[in-house]
Each structure stands twice: as structure tokens, then as C-alpha cells.
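Undergrad: sharing a model prediction with you, sequence too.
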Amino acid sequence: MENLDHYYKTNQALWDQKTPVHMTSDFYDVPSFKAGNTSLMPTELAELGDVAGKKLLHLQCHFGMDTLSWARLGAEVTGVDLSPKAITVAKELGEELGIPARFIQANIFDLPNQLDEQFDVIFTSYGVLCWLHDLDAWGSLIERYLKPGGTFYIVEFHPASMMFEFDTGNLNVEYGYFKSDKPFEEVVEGTYAEMDSSIKHKEYFWNHSMSSVVNTLIKHGFSIDFLNEFPFSHYGCFPNMEKEDDKHWYMQGFKNLVPLMFSIKAKKL
Ligand SMILES: C[S@@+](CC[C@H](N)C(=O)[O-])C[C@H]1O[C@@H](n2cnc3c(N)ncnc32)[C@H](O)[C@@H]1O
């Protein structure tokens, strides 16, 4: 437990450092979002579908652009994130743009201390599972917060793509596919949104295999509508990627050979 505390405190400080850098990065393009463009990607827009009038909980919302984008589409949104800085920025963005939204700063595993209600939709996306030590507890949380008949939707980087050492471009296997109790520990320099920023910080993360994600949802009473795997990434967030267009990125020399994203839509029975 002491270790877990240390892992999450370290990651929280990392995301506090990343947030201001991300705010001004081309990657996140906040001015375009402020001008009215959605930050959501075509996959989740098509696959999650109409959220108008739905109560939507966004887990690990970072500084809230996706949460607010769902609100612009008519959802009644609540975003949750570990980073106090990210939540402060999310609240400010919502207020500045006059978009109604609620943002809560919490480790998602502690959310029941602050939130006691249920939602029609739970959404989470791109770079979330690797920060969580316990998928079973994650499944319990989703079960706890979704109304019966409600929809859970995740679009995430593929766990197979999380195995590679990207820096050389050779895709050598550096990280195990299957989760181990002890997290990977690294000192990250820069951030995916601004590779040459001066950030230098320790991080702890885990890889969760595809079967562990699917079986967690089944165990917690979900029926899976679909599981999709994609050979592209919507984000050029790893070193040595090449783009076909702004929304389709591949590992250089490995186009269509490596799964880079997956999505799951599931219903709570
Ligand atoms: C890569 S970002 C989420 C991606 C999001 N799609 C985006 O780009 O805006 C990961 C987020 O997870 C948050 N996070 C990490 N561990 C968490 C935890 N245990 N509980 C809540 N949030 C967490 C971080 O603070 C960070 O904002």
C-alpha cells in the first residue's frame, strides 16, 4: 500500500508537470478547441454515438477537452483526474467557454469518497490503463458507477504496442505484455505532446493484456458489443511515427503491421 501511494504520488506530480506544457502544445491545439472544434477523434465519435441528454462520466479526463467536447454534443458531463493542475485547467476551460461540466480531482480508485451516483455512459480514452495497478478494482468501479443498461466505452492504445521500445524505431520488445505486480519504472524526458520540453520525471506504469481487459468487463457483469483493433493511431504520440494524414499515424516501416489502438463498447446487464 505504501508503494502504491508512492507510485500514484509520483505519477500525479508528473501529470501536474505535463499539464501546462500540454496546454500550450500544438498536439492538444487548445485554440482550435476554444474556437469550437471537437477534440474527440473519429473512432469514438462514430462508435460511442449519440450522447445527447445522457449523464456521462469521463475517467482520467486530463485537462478536460474531451469531456467538454462531449458536453458540446449534449451530454451532462463529469470528468475525473488524478492531477490537481489538470482539474484546475479543466474547470477554467469550462467556465471560460460557458460549457456546463463538473470536474473532480481524485485517484479514480478513491472516487467513491467523493461521488455517489450512477451514469448512463462511462467513457475513457488514449493512455489510461497503463496508469492503473488493478484492473479488477477498475472493473468494480465501472460497475459501481454505471446504471443497469448503461454503456461503457473505451478507446485505448493497444497493449501489444505498449511492448516496444520506440526510441530507436526498431520496435524491439522492451516491456512485457502481461501485467506484473511490480510496475515499470522509468524517468521520462519530455512528453508525447512536446518531445523536447524540459520535463524530466519518474513515472510508474503497468501493461494490461487484451484478455485481462475483456475478462474484467465480463467478470463485472458487462456484455461486450464489440472489440475492435486498429492498425493506426489517431495520435502521433510515439517517437518514429509517420502520418498518412492528421488522424492516422503508423510506426515508420511497420504500416498496417502492428495493432496501435483498440476499442470496446459494452453494456451493463
Ligand atoms: C494520457 S492522459 C489521458 C488522455 C486523454 N485522452 C487526453 O489526452 O486528454 C492520462 C491521464 O490519466 C490521469 N491519471 C493517471 N492515473 C490516474 C488515476 N489513478 N486516477 C485518475 N486519473 C489518473 C493523469 O493525470 C492524466 O491526466
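TA: Looks like it arrived, so ask away.

Undergrad: now the strands for the chain?
TA: Listed in chain order, the strands of the chain (DSSP state E) span 55-59, 76-81, 102-105, 119-125, 146-157, 164-165, 172-173, 184-189, 200-205, 222-230, 241-245, 248-251, 261-268.

Undergrad: nearest to residue 32, out of those strands?
TA: Among the strands of the chain, the nearest to residue 32 by Cβ to Cβ is strand 241-245 (16.0 Å). All C-beta spots, glycine's among them, are computed from the backbone N, C-alpha and C.

Undergrad: what does this protein put close to the ligand?
TA: Residues of the chain that fall close to the ligand, judged by Cβ under 6 Å from any ligand atom: 8, 11, 15, 60, 62, 66, 80-83, 86, 107-108, 125-128, 131-132.

Undergrad: mind doing that once more with 5 Å?
TA: 15, 60, 62, 81-83, 86, 107-108, 125-127, 131 (Cβ under 5 Å from any ligand atom).

Undergrad: would you show me how to pick out the buried ones of those in PyMOL?
TA: The buried subset of the residues of the chain next to the ligand, as determined by 16 or more other Cβ atoms under 10 Å, is captured in PyMOL by this line:
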select buried, resi 15+60+62+81+82+83+86+107+108+125+126+127+131
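
Undergrad: what's the least confident stretch among the strands of the chain?
TA: When the strands of the chain are compared on mean pLDDT, strand 164-165 scores lowest, with a mean of 89.

Undergrad: which non-adjacent residue is nearest residue 265?
TA: If you skip the residues right next to it in sequence, residue 265 has residue 225 as its closest partner in space, 4.3 Å away by Cβ to Cβ, 6 or more residues apart in numbering.

Undergrad: and the gap between that neighbour and residue 213?
TA: Summarising the geometry, the distance separating residue 225 from residue 213, computed by Cβ to Cβ, to the nearest Å, is 14 Å.

Undergrad: who's more crowded, those two?
TA: Of the pair residue 225 and residue 213, residue 213 is the one with more neighbours under other Cβ atoms under 10 Å, namely 19 against 13.

Undergrad: can you count the residues close to the residue lying closest to residue 129 once chain neighbours are set aside?
TA: Distance criterion Cβ to Cβ, 6+ apart; nearest residue to residue 129, sequence neighbours excluded, is residue 208 at 4.9 Å. Close neighbours of residue 208, defined as other Cβ under 10 Å, add up to 21.
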